[in-house]
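Peer 1: Predicted model and sequence below, questions to follow.
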Amino acid sequence: MVDERYGFKVGSFDCLAVSDGTFTYPSPSPFLFANAPKERLEQVLRAHKIQLEKWEEWTSPYICLLIDTDEHLVLVDTGAGGLGPNTGKLLQNLKAEGIAIGDIDTIILTHGHPDHVGGNTDSEGKSAFPHARFVMWKDEWDFWTGEPDLSGLKADEHIKELLVTFARNNLLPIRGQIDLVEDETEIVPGIRAIPAPGHTPGHMALAISSRGQRLLVISDSVIHPIHMEHPDWYAAVDLDPDQVVDTRRQLLNRAAVEKALVLAFHFPFPGLGRVVQKGESWQWRPIETMG
Ligand SMILES: [Zn+2]
């Protein structure tokens with residue numbers, strides 16, 4: 001199905017944007033745009049054909065990425081597992097593409113939020129990929145497996161508790177398989193980890209390149225296309241707003257300058273497009289897909 005699996009090439013790498021399903025968030029504003037002035041937000045939403053008063057929910061796909069470099073079979077993020085009624089479809093979508101799950105040798109976790117690590121474990125709470133090497137930024141691992149301070153989040157206590165419990169339940173069972181990175185580094189040839197903190201302390205972006213073609217995986221440094229036009233508007237789930245804005249500007253600038261293909265985890269499926277600089281901000285140009 002076009003809205004669940006989308007294959008594309010980056011140089012010689014075979015890539016697959018693969019959905020883990022969707023999740024519906026109530027009250028998208030102020031969730032997505034926590035600090036946006038109301039009148040300005042109304043104007044911007046209207047330009048996107050959304051009426052603020054009627055905008056009661058926002059449905060986001062959760063878009064994971066599979067990369068076959070020929071040498072390695074790499075999965076970026078594992079989706080949300082059983083977080084919601086329409087999540088946890090990653091494995092069935094991979095199988096439908098003929099992917100043998102046991103052949104995935106490297107799993108990169110961009111950060112520790114439930115929608116990115118929820119598929120790490122199976123229904124018994126054990127590693128769902130017992131033979132794979134997992135990779136995460138060290139600050140991110142230390143944060144969630146330690147005593148995470150979520151006081152900066154504009155979220156209810158029960159949401160904060162859910163974030164911590166979910167992260168622990170999906171990180172501790174893979175502790176024997178985890179490889180932690182502390183500096184910008186090549187995880188496997190052609191796939192580079194770049195620090196992108198702010199959304200969470202060790203949030204990671206990826207620069208993927210093969211034969212001169214580039215893909216920039218920005219994960220949750222930009223959650224909605226409107227964040228490109230208004231890079232200073234942060235979401236309620238962004239732990240360090242100032243850092244998010246800095247990181248976002250750096251990544252968007254890089255994407256525009258390099259004319260890289262970009263993958264954004266929460267954008268309309270397949271989450272692929274290009275970023276165009278427009279004055280002090282940017283605009284999203286989704287790729288054209290068939291159907
Ligand atoms: Zn996310």
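Peer 2: Nice, I can see it.
Peer 1: Ends of stretch 163-181, what's the gap?
Peer 2: Terminal residues of stretch 163-181 lie 22 Å apart, using C-alpha to C-alpha, to the nearest Å.
Peer 1: Could you pull out the strands in the stretch 1-150 of the chain for me?
Peer 2: All strands of the stretch 1-150 of the chain, identified by DSSP state E, counting those that start in this stretch, fall at 5-10, 13-26, 57-68, 73-76, 106-108, 133-137.
Peer 1: Tell me what angle the first one forms with strand 13-26.
Peer 2: Think strand 5-10. 140 degrees (axes from the mean of the first three to the mean of the last three C-alpha atoms, to 10 degrees).
Peer 1: on contacts alone, who are the packing partners of strand 5-10?
Peer 2: Based on contacts counted as 3 or more C-beta pairs under 8 Å, 6 or more residues apart in numbering; DSSP states H and E, the elements that strand 5-10 packs against are strand 13-26, strand 204-210, strand 213-219. All C-beta atoms are positioned from the backbone trio N, CA, C, and that covers glycine.
Peer 1: For the second one, C-alpha coordinates in PDB please.
Peer 2: To tie it back to what came earlier, the one meant is strand 204-210. Listed next in PDB are the C-alpha coordinates belonging to strand 204-210 (Å, rounded to 0.1, in the frame of the first residue of the first chain):
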ATOM      1  CA  MET A 204      20.100  11.900  16.700                       C
ATOM      2  CA  ALA A 205      19.900  12.700  13.100                       C
ATOM      3  CA  LEU A 206      21.500  10.700  10.300                       C
ATOM      4  CA  ALA A 207      23.300  11.700   7.200                       C
ATOM      5  CA  ILE A 208      23.200   8.900   4.600                       C
ATOM      6  CA  SER A 209      25.200   9.000   1.400                       C
ATOM      7  CA  SER A 210      25.900   6.700  -1.400                       C
END
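Peer 1: Could you tell me which residues within stretch 127-137 count as buried?
Peer 2: Buried residues in stretch 127-137, counting neighbours by 16 or more other C-beta atoms under 10 Å, are found at 127, 128, 129, 132, 133, 134, 135, 136, 137.
Peer 1: picking that back up, export the helices and strands packed on strand 5-10 to a markdown table and tack on mean neighbour count and distance to the ion?
Peer 2: Converted to a markdown table, the helices and strands packed on strand 5-10 look like this (neighbours: other C-beta atoms under 10 Å; distance: least, C-beta to the ion, whole Å):
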| stretch | mean neighbour count | distance to the ion |
| --- | --- | --- |
| strand 13-26 | 20 | 9 |
| strand 204-210 | 22 | 12 |
| strand 213-219 | 23 | 7 |
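Peer 1: Including mean pLDDT, could those go into TSV?
Peer 2: Written out in TSV, the entries for those read as follows (pLDDT from 0 to 100):
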stretch	mean pLDDT
strand 13-26	97
strand 204-210	98
strand 213-219	98
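Peer 1: who's in contact with the residue nearest to residue 60 when sequence neighbours are not counted?
Peer 2: Beyond its immediate neighbours in the sequence, the residue positioned closest to residue 60 (C-beta to C-beta, 6 or more residues apart in numbering) is residue 266, lying 4.5 Å away. Counting by C-beta atoms under 8 Å, 6 or more residues apart in numbering, residue 266 touches 60, 61, 62, 63, 220, 223, 224.
Peer 1: For stretch 116-124, buried residues please.
Peer 2: For stretch 116-124, the neighbour count (16+ other C-beta under 10 Å) marks 116, 117, 118, 119, 120, 121 as buried.
Peer 1: State the helix or strand in which residue 244 lies.
Peer 2: In this structure, residue 244 is located in helix 241-258 according to DSSP states H and E.
Peer 1: is any part of that helix close to the ion?
Peer 2: No: counting by C-beta under 5 Å from the ion, the ion is not contacted by helix 241-258; separation bottoms out at 12.8 Å.
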